[in-house]
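Asker: Next input, structure requested:
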Amino acid sequence: MNDNHFKFSNTVIALPLFFVLLLWFIYWLQIRFDFDFYQYGIYPRDFSGLKGVLFSPFIHENLGHLYNNSIPLLVLLPALHYFYPKQSLPVIVYGILFSGLITWVIGRTNYHIGASGLIYVLVSFIFFKGIQTRYYRLVALSFSVILLYGGMIWYVFPEVDANISWEGHLAGFLTGFTLTLFYKTPEYAKPIVYDWQKPEFDPEQDAFMKHFDEKGNFVNAELPEEEPENYVTYFSSDPWVKYTITKSDSEENK
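Answerer: Next up, the predicted model:
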């Protein structure tokens, strides 16, 4: 696989934009018609709370909560879809499901809502998968993600802020890393190996290498070792070029 496999398409922008607009539309319905969507969040260790595994990423507490989740999604979802087009949909779907299930198991007894769990899935997957591939473009993407969102790692610990769902963050981070182990990426471009670097290369049979001796000095293999008496050699300003003409032609030009 080489750089030609990273192809931009309208879906790279359209699908993430649609997803984020859907979040804002749901929030508009919530405040416009005073819907109580919180009951559709994840309620740990309660079977009725399992519905939140599917619905909780689309529910947000307030405008600030929604805004803080929208910006990372508009950055991370296009990056995922562009650099990992075949893995993007499974990562999103299974990321939501498994991070939600882990939150349901380890979470505090309260409703857990918001798309932050999915954001941690994306950050974790993009970072660890890029390091695993050792492909320079994806490694650079990994470091870019850490540069932008590396500070998020602190919010997987309960001591930082008791008002946030650190359980959802931790679940998303672990899910993203686990998905990198299950979803293999193609083998990326290898360094170019030239003919002269191959073990079977024979310099004596190569037309270009015939112009050099064992010490690397240029020799003109096409000219005879001894020039006939009726030939005169003229050297140009270019040290690699010399002209040979007959004496009769030289005398006619005088």
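Asker: wait, doesn't residue 59 sit right on residue 38?
Answerer: Yes. With contacts counted by Cβ atoms under 8 Å, residue 59 reaches residue 38, the gap being 6.8 Å. C-beta coordinates here come from the backbone N, C-alpha and C atoms, glycine included.
Asker: the more surrounded of the two?
Answerer: Remark: of residue 59 and residue 38, residue 59 carries more neighbours, 25 against 16, as counted by other Cβ atoms under 10 Å.
Asker: show me what contacts the more buried one?
Answerer: Contact analysis of residue 59 by Cβ atoms under 8 Å, 6 or more residues apart in numbering lists 26, 30, 37-38, 40-41, 113-114.
Asker: now residue 19
Answerer: 73, 77.
Asker: what pLDDT does it get?
Answerer: Model confidence at residue 19, expressed as pLDDT, equals 96.
Asker: Now name the helix or strand holding it.
Answerer: helix 10-32 (DSSP states H and E).
Asker: on that earlier part again, shared neighbours of residue 59 and residue 38, which are they?
Answerer: By Cβ under 8 Å, 6+ apart, the residues touching both residue 59 and residue 38 are residue 113.
Asker: give me the number of residues near the closest residue to residue 125 other than its chain neighbours?
Answerer: Counting by Cβ to Cβ, 6 or more residues apart in numbering, residue 125 lies nearest to residue 176, which is 3.9 Å off, once chain neighbours are set aside. Burial of residue 176 is recorded as 26 neighbouring residues (other Cβ under 10 Å).
Asker: thinking residue 176 is in contact with residue 120, fair?
Answerer: Yes. Counting by Cβ under 8 Å, residue 176 touches residue 120, with 6.5 Å between them.
Asker: Tell me how far residue 97 lies from residue 45.
Answerer: 17 Å (Cβ to Cβ, to the nearest Å).
Asker: give me every residue that touches residue 26.
Answerer: Counted by Cβ under 8 Å, 6+ apart, residue 26 has contacts 37, 58-59.
Asker: If I look at it, what pLDDT would I see?
Answerer: For residue 26, the predicted pLDDT is 96.
Asker: Repeat that for residue 211.
Answerer: 66.
Asker: same question, residue 159
Answerer: At residue 159, pLDDT is 76.
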